[in-house]
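>>> Can you look at this prediction? I've put the sequence above it.
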Amino acid sequence: MRENRAIFALCGKGGVGKTSVSAAIVKILSGLGSKKVLAIDADPAVGLASALGIVPRRTIDDIRNDLIRDVRDGTAMDKQELVSRIDYDVFDAIEEKGNLGFLAIGRPETEGCYCRVNSFLKEIIETTAGHFDYVVIDGEAGIEQVNRRVMDAVDHLLLVSDASAKGLNVVNEIYKTAARTVKFRKAALVLNRIRSQEEAKAAIERTTLEVGGWIPEDDTIREFDIQGRSILELPDCPSLRAVASILEQVAGEPS
Ligand SMILES: Nc1ncnc2c1ncn2[C@@H]1O[C@H](COP(=O)(O)OP(=O)(O)OP(=O)(O)O)[C@@H](O)[C@H]1O
Ligand SMILES: [Mg+2]
């Protein structure tokens, strides 16, 4: 396990910018050069993959399905065999780009059965993450799915919202559920697509969450999305600078 490792998970209402902000965080942290970063796409729609210009060959869901099929077909596997196969498969599923690794979770597991496979998968994702300095998880709406499917605990839960009352309500609910049911070290609100200082101030006044900072509405991000360009190529722009200062505010990173 690396020391001073930090795991970030981003959650929030649909469409508020979780994937764009995750990708910007990945760009900043992997740009530090000496640090290894693992980006985990926990959204079945694999938005983070496209935001980073990565095409995943195999997802955790594919690994799970292949395993389940083999177990069903009667390919007998004892625990040790099962664990080393999952270990190999997860390692193989990581797409690498220099000091950046990328892993897609794929669709959620079918409920109920195959708990053994699911819990080994999670354990191995956690062990794999231990080989990286930073882990950035682009979550689905809530943190429960991240905890259930990816890892038990995160360091920084980043609650992403736009200035809308709906967006703020959703992160508030996520925070309340998370505080009761799951493990995270710190949580911070990240406001995105903010059009003015006044808008940021008004949104901050409407929440009791700790505020990590705000990111302006930025045409550079929109343009990159429209053109399907990787956020890793984002030039210096207001949103990227804002994300860097939020990282510093919430985690003292990058130092
Ligand atoms: N700061 C910003 N300035 C301008 N546009 C932005 C900004 N952040 C995100 N966007 C745009 O908003 C849209 C939604 O962003 P994104 O896909 O990152 O949201 P999401 O929360 O991941 O959505 P989903 O819930 O569907 O996964 C995209 O078109 C993206 O380009
Ligand atoms: Mg997304």
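Yep, that arrived. Ligands and ions are numbered 1, 2, ... in the order given.

>>> What is the worst-scoring helix or strand of the chain on mean pLDDT packed up against?
When each helix and strand of the chain is scored by mean pLDDT, DSSP states H and E, helix 143-149 comes last, with a mean of 78. Contacts defined by 3 or more C-beta pairs under 8 Å, 6 or more residues apart in numbering; DSSP states H and E place helix 143-149 against strand 6-11, strand 153-161, helix 165-181. Quick note: C-beta positions are derived from backbone N, CA and C, even for glycine.

>>> How are the helices of the stretch 151-255 of the chain distributed by residue range?
165-181, 197-205, 219-227, 238-251 (DSSP state H, counting those that start in this stretch).

>>> In the strand or helix carrying residue 39, which residues have enough neighbours to count as buried?
For residue 39, the enclosing helix or strand under DSSP states H and E is strand 37-41. Neighbour counts over strand 37-41 (16 or more other C-beta atoms under 10 Å) mark 37-41 as buried.

>>> looking at the helices of the stretch 151-255 of the chain, which is buried most?
Stretch with highest mean neighbour count among the helices of the stretch 151-255 of the chain: helix 238-251 (a mean of 19; mean count of other C-beta atoms under 10 Å).

>>> Outside of stretch 24-34 itself, list whatever touches it.
If you take C-beta atoms under 8 Å, 6 or more residues apart in numbering as the criterion, stretch 24-34 is touched by 8, 10, 35, 37, 39, 48, 52, 98-100, 133-134, 136, 221, 231-232, 234, 239-240, 243-244, 247, 253-254.

>>> ok, the closest residue to residue 44 other than its chain neighbours - how many residues close by?
Leaving aside its sequence neighbours, residue 44 sits nearest to residue 107 (C-beta to C-beta, 6 or more residues apart in numbering; 4.7 Å). For residue 107, the neighbour count with other C-beta atoms under 10 Å is 14.

>>> Over to residue 119?
If we define neighbours as other C-beta under 10 Å, then residue 119 has 10 of them.

>>> Please apply the same query to residue 33.
7.

>>> That one belongs to a helix?
No: per DSSP: H, G, I helix; E, B strand; the rest coil, residue 33 lies outside any helix segment and is coil.

>>> Now tabulate the helices and strands packed on helix 143-149 in TSV and tack on mean pLDDT and distance to residue 122.
Listed next are the helices and strands packed on helix 143-149 as TSV, based on pLDDT from 0 to 100; distance: least, C-beta to C-beta, whole Å:
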stretch	mean pLDDT	distance to residue 122
strand 6-11	94	14
strand 153-161	93	11
helix 165-181	91	16
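
>>> Fine by me, thanks again.
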